[in-house]
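Q: here is my input, please return the structure:
(chains A, B, C and D)
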Amino acid sequence: MLHIYCPYCEELREEEEFSYSGEAHIARPTDPEALTDAEWGDYVFFRKNPRGLHHEMWNHAAGCRRYFNATRDTQSYEIHETYKMGEKPSVTSQGAAQ
Amino acid sequence: MSQVNRLQQGGRVDRSKPLTFTWNGKQFQGYQGDTLASAMLANGIKVVGRSFKYSRPRGIFGHGAEEANALMQLGVGKETIPNPRATQVELFNGLEASATNGWPNSDFDLMEWVGKIGGKMMPPGFYYKTFMWPEKMWMTYEKFIRKAAGYGKASLEADPDIYDKLNRHCDVMVVGAGPAGLAAALEAGRAGKRVILADEQNEFGGSLLASKQSVNGQPAAEWAEAAAAELAAMDNVVCLPRTTVFGYYDQNFLGALERRTDHEGMTAPSGSRQRIHRIRAHQVVLATGAIERPLVFANNDLPGVMLSGSVATYVNRFGVVPGNRAVVMTTNDSGYQTALDIHAAGRTVVAIVDTRHNPEGRLLDAARAAGITVKTGHAVIEAKGGKQVTDALVAPIDAAGDSVTGKPVSMSCDLIAVAGGWSPVVHLSCHTGSRPQWNDDIAAFVPGPSIQKQHLAGAIIGEYTTAGALNMGAAMGAEAAGAEAGSNYDCGDESVCPAQPMYLVPHTKSVMRAPKQFVDFQNDVTAAGITLANNEGFESIEHVKRYTAMGFGTDQGKTGNINGMAITAKNLGKTIAETGTTIFRPAYTPVTFGALGGRDIGDLLDPARHTAMHPWHVENGALFENVGQWKRPWYYPKAGETMQDTLNRECMAVRNSVGMVDASTLGKIDIQGKDAREFLNRVYTNAFSKLAPGKCRYGLMLKEDGMVFDDGVTACINDNHFVMTTTSGGAAAVMSWLEMWSQTEWPELEVYFTSVTDHWATCSFSGPNARKVLAKLCDDVDLSADAFKFMDWREGTVAGIKARIFRISFTGELAYEVNVPANQGLYMWQKIMAAGEEFGITPYGTETMHVLRAEKGYIIVGQDTDGSLTPQDCGMDWIVGKKKEFSFLGKRSFTRPDTARTDRKHLVGLKPIDPTVVIPEGSQAVADPNQPIPMDMLGHVTSSYWSECLGHGIAMGTVKNGFNMMGETVYFPQADGRVLAAEIVSPVFYDAKGERHHD
Amino acid sequence: MTSLHSPLAHVELPEAHAHAGVTLREDKFRGHLNLRGNPQDEAFTSAAEKVLGVALPTAPNSAVENDAVRVYWLCPNEWLLLVAEGAEGQTEADLRAAMEGQHIAVTDLSSGQTLINLSGENLPEVMMKSTVYDCHESNFPVGKAVQTTFAKAGATIYKCADGSYDLVIRRSFADYIFLWLKDACAEYGLAVQ
Amino acid sequence: MKKYSGFSLFKHSLSHHENWQKTWRSPRPKQSYDVIIVGGGGHGLATAYYLAKEHGITNVAVLEKGYLGGGNTARNTTIVRSNYLWDEASKLYDHALDLWYGLSQDLNYNVMFSSRGVMNLGHNLQDMRDIERRVNANRLNGIDAAVLTTKEVKDIVPIINDSQDIRYPILGASWQKTGGVARHDAVAWGFARGADQLGVDLIQQCEVTDIVVEQGAVTGVQTNQGFIGAKKVACVTAGNSGVMAAMAGIRLPLESHPLQALVSEPIKPIIDTVVMSNAVHAYVSQSDKGDLVIGAGIDSYNGYGQRGSLHVVEHTLSAICELFPMFSRVRMNRAWGGIVDTCPDACPIISKTHVDGLYFNCGWGTGGFKATPGSGHVFAHTVAHDDPHPLAKPFNIDRFNTGHLIDEHGAAGVAH
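A: Residues are numbered from 1 along each chain as shown, chains lettered A, B, ... in the order given. Now for the predicted structure:
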């Protein structure tokens, strides 16, 4: 049962208040028509799926309805940080497999 | 029968409050304060059940959660509960218990002979090796296997009780109220922290309640009572006795089950029977203690073989001595105290059999001083007896404990107490993924490193002395509270002589040939069985567990696992640390399903959402359809009507005069900001750049994969303000979708979204007389066809209420949707019904709505589409903006090779060749009805209805390459053998030119 | 016939309890306005303050109140304004006028939501049954407003000075929430005012 | 290697079971193999078995980082059925179902396949439309399927709550009589024993740390037991597939999620078939041991922890108590989690990759167990011929670029 710090509400809240939105920092291609099918498919379907640190997006659905990002370990489930949209993570794992 | 084993005095039972209970239909007495187990033992009941595989008689073995044998069938009828352990059932007056196995009964069980004779043929894994021929017979074999398996019976009636849950939060959660837990809770409580203390037993104190020690000069049990009283008096401490913490989840979340009324009767007199506490703790102190390890020797499952500490607990806490002549086998000092307690109770201790060759110390001295025979360097290698122990075979063994070194002698006894050392209760600490670690010093697993904010105190990390547990508890409680420990505890001399690890007591015969030496009682797993598994190549401890079923019982191997792992390790020539342990999972002890379900059952299973007009629909006899969480009127039958009659009547009312549907459930999103248009352009396939105030436009929304996701009408309120409608079921998803793009991808667009679904109530009425009805109620809007056109909206006053009137139509008729604040929705509905009365205005439900829209060929997203259709596949290329500057969501996917195919499945109209036929929805289309199976399927019927106004069946469906097959016939083979046929046509069956809704 | 029906207008009242541990009162027909705008924009905040007579709260989960309005912080650019019955139209108009030309949104939700007040000695336990949020006074002091779950629905919960809670709930969930409360309070007795 | 039989059991009982042979050898890895299969779960072992049996390729190693059958094979709820919606998927699963019949005899190992029937309940009108559609599709594909009325559901499962007055009443069901359950561990062990007998090396405690690729072709794998060469490497690592793929520089459209399941304490037989409900998120069967085996929903977040959140289990049990009010007093003995690798279209990937000699079989999501023999069978063909088996062809990884997805969310749901 995750306990997630909402960077907007500035409180730890129960997992039941949140919904998970998958990998964070996926930018929509600025010119989709210029992409190959493979590049477009990569954007639409392919996701990082690391065992370990994962930057992921959550929505505080039953709270402030803001989307935000979290850096969470997918093995230990430890949440290292949460941060607002537009911010960069401060905990990263260089060299970790995707 | 009187309580033959009850002492005249002592213990924590109230002899002034006798309680009557029945066991296997026979009446017995116990006392207030007894467990069912202590009362059964008091009455000399030996056989409490039969084993799983071999039907061997089994007796009470432990005194708590570790009990593997005494699984009861409690109560009868709808109150019955299968499988609770007698050791954990508090006795109450009138309790009815019976054995879960044994035929005709557990005392005299004919299956025992099957077990005796067939047992040799039933080593672990025997079922993998046989029952294979002939193949078809397995289902028959299985029937017999299933019958023999299982323990108790579930009731066949609904549960009369309810269960509820509390969400709790605290600074410090203390699990276990033995010495360590009490001391920890006292420190944290005194520091002013919010503390929760939970313990599975009815009173706090744990081992202190059965101890003859003193704490700081006070008798242990008295100290525990005082501590419990002090905690109960603290406002900041929640005391939860009879509460088992069954699971430890991530980030210090714990699940605990409180048995609120089980000690009073089978069902709760009022309120909930059990309650789940869902606890979020900042800090957790695990003070869960340790469980005594049994010793594995031949026939060690005979009734009368018991854990030494359990025997002491029965003597000291319940005033029950479960035998008259006891042999105590021990590998450590624990057994001595039990022997002394039995001796003090006035019963005979035949001998203390100590596997150690040279034990010494205060307890040994005390035993000798009491005149008890102590045989060192010996072991009970085999128990003898039929339905209970009659003798113990005692033999000298070597110092390593590997072999018998001399001739066994037989000792007559009716109780063998075994003390094999202690296994810390590490279970909870493992639930969050931490692996336990083997500690050679105490020959046990202790909790491994954890990322939880967790503190360990007492026997869980091998601190087995009372003073040690108290002081460690105090230290950990203080640490968790961020305070300094304020107490120091002294319990006198607790020195002990080192223990001997002993996992398998040697026998004169080899392990494969000796009488059965049980490791896991509940699943009849023996040392030989484990050895066989190892010999067959099952070397991983998980394989051993799975092959033999060791640890799979309802006790989850609390007593058996360590011995089994050690036997495996020895067989493989590895250390126990190398062999490792299996993973402990929730629940620590079983948790009632109903409690986990809580109150979210029945009407509370899922919220039923209602519109403002719901009371009217109920009053007027509507039947309802579940649409997402919404309850929508499905149709309004009148007396004597079939469903089809009703639909015909409702449809014809709309086609010929006027009908009204409650459209309030449609999602409605208020969109404001100067970039609202641009935003709409990006999320819809069509353009909203030119939609003028007062106008509405239908839009189609796609996911990035190009597939239709939602649809609806959006109205322009003014240049910076729009109201979007969505499907009823899709409202929340669309809202999140818009917010996601706005917040994460296009924050520069100035636009805000607010859900107004619940704010607006929508009365949608259609039919040739719709204008006349509206005209009666509204005089401030020019309703003429030229002034208020199809796809316009106006603000006006309807029945005196300010309303937004949309001239949009989902029926193909002249139609208005009157939107008013929902507080006035019911009123507006009634006003329109009254105004329409002269035209026979007819309320209709979703089913008629579906028929009417299908006659017009309008799709329902989620029924006609399934996430695999593009707008083009739906024949809606007209709504795909070709010139939009921004590559709207999903657009790029159109040009992928598979998506760009022109022979994809297309959504078409299907006109039954036989006009009387309504092709069942879900029918699959084929080109050649005579093709043998497997047939090539072209698509399926998504919507199909009887059209009363057209006088024939109509349908929509997908057909491969359908747009290029107009006029061709496709076939629909039915399960009943009929083959229905339909012509592929345009999906617009009614008023193809659209004259009626424009009128 | 009145034209107004509150979301809970039709509920069946539970049997009268001699001793009700929880009391529910629907504060019907209040004006509910959702306000969006940029709190960093001084023009916006001062316009809001001018209209409302109180500065918009910017601390998360906070609320402010004067005689005319109670304002809940909902997220960094969103507030819920609770005004008297019928005042929502004028307040909306005033806000729009004062914020002319700004990137703002004002949305009337008066019919989409309702305010219910819960009080009584067993309320703490009922709150523990109903929400995963920690309602202990150390975490939920008077004047705090929190959006969270309530049973399987959502609610914006405000702690009143008298220790009771005001819940803003969605209209369509009102029947469900009432059913939940009736059930949760069965052991204490529920009174409806 | 001796055959298992009732007779052999009797014979061994005379010698106190002291002389049973090993179920499989425990060989040291050779320097190189024709094919290395990474992952010793049911699918990997089945692949090895069919490579040897059907394609005569026996110079094969199965590398397992833990113990055989220790991943999802050991953690699922053992349901076997083939009533999927789309032709591609239902044909693949039906191929597997065909192999389930006779599997015990083929392997000389009783996998206890119990064809007790599988029922998927419908609770609203759209559920029933979907059920009709799926059953019709199955029927015309020659797959056993029928639609049941509420009464027929009640006749088969007398203890079910068929009241029409509940929040989500049962409106009907789809029914696959030939589906059922099997003993999950035995499936892994049976395939392992069968593969071993045909010469496949099963190497446990052997973790692959890298896939070695030279000039676009695979040459072997690095492991904790050193480098092992291979002409072909076939990855069948379920939840860990993303991690494996990354070693070869391949991206997969997978997310690994916790999926939880639980069992009750053993009780006497009370439910004789498999009942599943997507709409209320619950499915249940009873094991031969007497446990009610219950599958819970998938946890929303990515996770390799083999554990999930309590509320998912609570949600499932409220649904179970609604469907079976008498189970309310039964108790949960144990709950656990697996790691399921989910694809965007809820269908697997059985595919060659752009690396020569490297193959992936993954993405089975919540539905892998039932496919075990079929998955192994078509993957073995794919690896042996370096060309997809006709049934595997649609499950090529390229579908995520072409758009030819096989969306089985409806039929797959959470329920398996």
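Q: quick check, central residue of chain C?
A: By C-alpha atoms, centre = their mean, the mean C-alpha position of chain C lies nearest to C:V168, the distance being 3.2 Å.
Q: beta partners of it?
A: Listed by DSSP bridges, the beta-bridge partners for C:V168 are C:L115, C:T156.
Q: give me every residue that touches it.
A: By C-beta atoms under 8 Å, 6 or more residues apart in numbering or on different chains, C:V168 lies in contact with C:H32, C:Y72, C:L80, C:L82, C:Q113, C:T114, C:L115, C:A155, C:T156, C:Y158. C-beta coordinates here come from the backbone N, C-alpha and C atoms, glycine included.
Q: from C:L109, how far off is the first one?
A: When C-beta to C-beta, to the nearest Å is applied, the distance between C:H32 and C:L109 equals 4 Å.
Q: in terms of neighbours, single out the busier of the two.
A: Remark: of C:H32 and C:L109, C:L109 carries more neighbours, 24 against 21, as counted by other C-beta atoms under 10 Å in any protein chain shown.
Q: hmm, the more buried one is touching B:T754, no?
A: Yes. C:L109 lies in contact with B:T754 (C-beta atoms under 8 Å); the separation is 7.4 Å.
Q: what is in contact with those two at once?
A: Common contacts of C:L109 and B:T754, defined by C-beta under 8 Å, 6+ apart, comprise C:N34.
Q: find the closest residue to chain B in the stretch 51-200 of chain D.
A: Chain B sits closest to D:E132 of the stretch 51-200 of chain D, with a gap of 2.7 Å, by C-beta to the nearest C-beta.
Q: shared neighbours, C:H32 and C:L109?
A: C:L80.
Q: show me the residue at the heart of chain A, geometrically.
A: A:E56 (1.4 Å).
Q: who's that one bridged to?
A: According to DSSP bridges, beta-bridge pairing links A:E56 with A:E23, A:A70.
Q: surely it and A:N69 touch.
A: Yes. Look at A:E56 against A:N69 with C-beta under 8 Å: they come within range, at 6.8 Å.
Q: ok but C:E85 is inside a strand, no?
A: No. Assignment of C:E85 by DSSP: H, G, I helix; E, B strand; the rest coil gives coil, placing it outside any strand.
Q: ignoring the adjacent residues along the chain, who's closest to B:D301?
A: Closest residue to B:D301 apart from its sequence neighbours, by C-beta to C-beta, 6 or more residues apart in numbering or on different chains: B:F518 at 4.4 Å.
Q: bridged to that neighbour, which residues?
A: Note on B:F518: beta-bridge partners by DSSP bridges are B:T526.
Q: any idea how far it is from B:K53?
A: Distance of B:F518 to B:K53, given as C-beta to C-beta: 11 Å.
Q: of those two, who's got more company?
A: Neighbours were counted for B:F518 and for B:K53 using other C-beta under 10 Å; B:F518 has more, 28 against 18.
Q: residues contacting the more buried one?
A: B:V296, B:N300, B:D301, B:D524, B:V525, B:T526, B:A527, B:G560.
Q: just give me the closest of the residues you listed to chain C.
A: Chain C lies nearest to B:G560 out of these, by C-beta to the nearest C-beta, at 38.0 Å.
Q: that closest one and chain D: what is the separation?
A: Note on B:G560: its distance to chain D, by C-beta to the nearest C-beta, to the nearest Å, is 15 Å.
Q: so what's that residue up against?
A: B:A68, B:P294, B:F518, B:V519, B:D520, B:F521, B:V525, B:M550, B:G551.
Q: C:E100: neighbouring residues, count only.
A: C:E100: 9 surrounding residues under other C-beta under 10 Å.
Q: what pLDDT does it get?
A: Looking at C:E100, its pLDDT stands at 95.
Q: that one should be in a strand, yeah?
A: No. Under three-state DSSP, C:E100 sits outside any strand and is assigned coil.
Q: contacting residues for it?
A: Not one residue lies near C:E100 by C-beta under 8 Å, 6+ apart.
Q: got the residues of the stretch 1-150 of chain B near chain D?
A: By C-beta under 8 Å from any C-beta of the partner chain, the residues of the stretch 1-150 of chain B that approach chain D are B:78, B:80-83, B:120-121, B:123, B:126-133, B:135, B:138-139, B:142, B:145-147, B:149-150.
Q: grab the nearest non-local neighbour of residue 3.
A: In the absence of a named chain, chain A is used. Per C-beta to C-beta, 6+ apart, closest to A:H3 is B:Q251, 4.1 Å.
Q: sorry, should have said chain D
A: In this structure, D:K3 finds its nearest non-sequential neighbour in D:N108, 5.5 Å apart by C-beta to C-beta, 6+ apart.
Q: so what's the residue count around that neighbour?
A: When neighbours are counted by other C-beta under 10 Å, D:N108 comes out with 18.
Q: so it makes contact with B:M132?
A: Yes. The pair D:N108 and B:M132 qualifies as a contact (C-beta under 8 Å) at a distance of 7.4 Å.
Q: where do the contact lists of those two overlap?
A: Contact criterion C-beta under 8 Å, 6+ apart; residues shared by D:N108 and B:M132: D:Y4.
Q: count the residues that sit near the residue lying closest to C:H19 once chain neighbours are set aside.
A: Distance criterion C-beta to C-beta, 6+ apart; nearest residue to C:H19, sequence neighbours excluded, is C:G189 at 5.8 Å. If you count neighbours by other C-beta under 10 Å, C:G189 ends up with 18.
Q: would you confirm that D:M332 contacts B:V591?
A: Yes. The pair D:M332 / B:V591 is scored as a contact, 4.8 Å apart, by C-beta under 8 Å.
Q: so how far is D:T23 from the residue nearest to D:K3?
A: 11 Å.
Q: so chain C: which segments form each domain?
A: Residue ranges for the domains of chain C, per automatic domain parsing: C:22-28+C:112-192, C:31-110.
Q: deepest-packed of these, please.
A: Burial among those, expressed as mean neighbours by mean count of other C-beta atoms under 10 Å in any protein chain shown, is greatest for domain C:22-28+C:112-192, which shows a mean of 20.
Q: per-residue pLDDT, residue 75?
A: Since you didn't name a chain, this refers to chain A. At A:Q75, pLDDT is 96.
Q: to clarify, I was referring to chain D.
A: Listed pLDDT for D:R75 reads 91.
Q: circling back to that earlier point, quickly list what's touching both of B:F518 and B:K53.
A: Common contacts of B:F518 and B:K53 (C-beta under 8 Å, 6+ apart): B:D524.
Q: among the residues of the stretch 1-150 of chain B next to chain D, name the buried ones.
A: Restricting the residues of the stretch 1-150 of chain B next to chain D to buried positions leaves B:78, B:80-83, B:123, B:126-132, B:138, B:142, B:145-146, B:149-150, with burial counted as 16 or more other C-beta atoms under 10 Å in any protein chain shown.
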